[in-house]
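Trainee: Let's see this in three dimensions:
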Amino acid sequence: MTIAAPSPSPEAPLGGRAAHDVEIVDVTKRFGSVVAVDRMNLRIANGAFYSFLGPSGCGKTTTLRMIAGFEQPTSGEIMLAGQPVAGIPPYRRNVNTVFQHYALFPHMDVIQNVGYGLRQRNVGRTEELERAGRALELVRLTGYEHRRTWELSGGQQQRVALARALVNQPTVLLLDEPLGALDLKLRKEMQLELKALQQEVGITFVYVTHDQEEALTMSDVIIVMNEGRILQEGSPTELYERPVDTFVANFIGVSNPIKGKVTAFDAATHRAEIESAGGLRIAGVVTDRAARPAAGTEVTVAVRPERLRVDAAGTPEPEGSGWVSVPGRIEQGTYLGEQTEYRIATDVVGELIVRRQNAAGAAQHVGPGDAVVVRWQEEANLVLVD
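Mentor: Just a heads-up that it's a prediction; the model follows:
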């Protein structure tokens, strides 16, 4: 069962819906002297799952509230489906919002909660029940129509809130950390369900979270924000494998930072040669395609923990070229189920974090106090120019 995509309004551009469901043009939002969103420009394409990711106070929820109409930009313009929405109140915008606290009506049963928005639009009773029933089927709550909301689990209440938002067939569904109140296991299950639901209904989802794993799991596009600005926009793969700066590299996953200076840069390949503060000579591709670091430029080489391997001291170097080897000593080993995480002290680049997959039945060949060699290939080096 599917919910049809919203029909274009009479004012929509010729040829159907606008190319982008949301356009944010030079938008700034101030609260007194505090700049919450700073000159933002963003286009959100039809039918995709976008996530705003960043620390508390970065401006992601403020951006969502401006799209919804709960806040107005200090300057700039927001357009929905190609139409400017300045001054249009939330209830007249074809968007719906799902919050962390679902705000369900305890005096109504489930189907009355889901159909509430339709009643506000004076939809007939028969159509209301039919559409509410389809929405409940989408979120796998058929049979729960006459339950009271306080009789439901947290995950079921969240599904009711989703059904209530979807039943109005919004152009855009806005979700402000809706899984934050759920326990870890249920939250992971709901991440997969939300993504599957978005693909089924074909509605644009705009999601706010500070949880990197959540964003990586669900999103087609992630927008990383800090201090009111967009730092990087791209697919989960792009952001994880090609972060443009150290903030993004550290916010999307974990990385080992190695400080150094550029000794040479090849503009044709965008490859830089670097000497670290400890004298290690390494090379890698500069992730920011606009950067042209001159010799002497200070950079950070980031290496993901899973790209490193740890061998007992004296183990021969692997075959092939491009290997980096750093001697060290294991300070700590932590068993994480499918992985073991090692913290290794080195004289050359400081502490390194290595994560190694645990093969079934395999013995741990190194442990705390052991002398080891940490190795990785140069293709794992992410050269960040901040």
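Trainee: Show the backbone phi and psi for residue 52.
Mentor: Main-chain dihedrals, residue 52, degrees, to the nearest 10: phi -90, psi 120.
Trainee: OK, contacts around it?
Mentor: Residue 52 sits next to 60, 63-64, 206-209, 223, 225 when contact means Cβ atoms under 8 Å, 6 or more residues apart in numbering. For glycine as for every other residue, the C-beta is placed from the backbone atoms N, C-alpha and C.
Trainee: Residue 286 bridge partners, please.
Mentor: Assessed by DSSP bridges, residue 286 has beta-bridge partners residue 383.
Trainee: pretty sure it contacts residue 274?
Mentor: No - the criterion here is Cβ atoms under 8 Å, and residue 286 misses it with residue 274 at 10.1 Å.
Trainee: got any residues that touch both of the two?
Mentor: 299, 383.
Trainee: Got a quick PyMOL command for the buried subset of the contacts of residue 52?
Mentor: In PyMOL syntax, the buried subset of the contacts of residue 52 is picked out as below (16 or more other Cβ atoms under 10 Å):
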select buried, resi 60+63+64+206+207+208+209+223+225
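Trainee: Now do the strand or helix carrying residue 64: which elements does it pack against?
Mentor: According to DSSP states H and E, residue 64 maps onto helix 60-68. With contacts taken as 3 or more Cβ pairs under 8 Å, 6 or more residues apart in numbering; DSSP states H and E, helix 60-68 sits against strand 20-31, strand 34-45, strand 49-53, strand 75-80, strand 95-99, strand 172-176, strand 204-209, strand 221-226.
Trainee: For the helix or strand where residue 373 lies, buried residues please.
Mentor: Per DSSP H and E, residue 373 falls inside strand 371-377. For strand 371-377, a neighbour-count test (16+ other Cβ under 10 Å) marks 372-377 as buried.
Trainee: quick one: strands adjacent to it?
Mentor: In the sheet, strand 371-377 lines up against strand 309-312 (antiparallel), strand 323-335 (antiparallel) (DSSP bridges).
Trainee: quick one: contacts of the first one?
Mentor: Pointing back at strand 309-312 there. Contacts to strand 309-312, defined as Cβ under 8 Å, 6+ apart, come from residues 330, 342, 344, 354, 356, 365-366, 370-376.
Trainee: Name all residues that make contact with residue 170.
Mentor: Counting by Cβ under 8 Å, 6+ apart, residue 170 touches 6, 94-96, 203.
Trainee: Is it in a helix, a strand, or coil?
Mentor: With DSSP: H, G, I helix; E, B strand; the rest coil as the basis, residue 170 sits in coil.
Trainee: And it, how close does it get to residue 179?
Mentor: Look at residue 170 and residue 179: by Cβ to Cβ, to the nearest Å, they are 19 Å apart.
Trainee: With residue 258 instead?
Mentor: Going from residue 258 to residue 179 by Cβ to Cβ gives 35 Å.
Trainee: again, but for residue 380
Mentor: As judged by Cβ to Cβ, residue 380 and residue 179 stand 32 Å apart.
Trainee: Which one of the two is surrounded by more residues?
Mentor: Neighbours per residue (other Cβ atoms under 10 Å) separate residue 380 from residue 179, with residue 179 holding more: 24 against 18.
Trainee: Residue 298: neighbouring residues, count only.
Mentor: Residue 298 has 13 nearby residues by other Cβ under 10 Å.
Trainee: What are the structural domain limits within the protein?
Mentor: Domains of the chain are assigned by automatic domain parsing as 20-241, 254-386.
Trainee: Of those domains, flag the one that's most buried.
Mentor: Comparing these on average neighbours per residue, with mean count of other Cβ atoms under 10 Å, the densest one is domain 20-241 at a mean of 18.
Trainee: now the helices for the stretch 201-350 of the chain?
Mentor: 212-218, 236-241, 246-251 (DSSP state H, counting those that start in this stretch).
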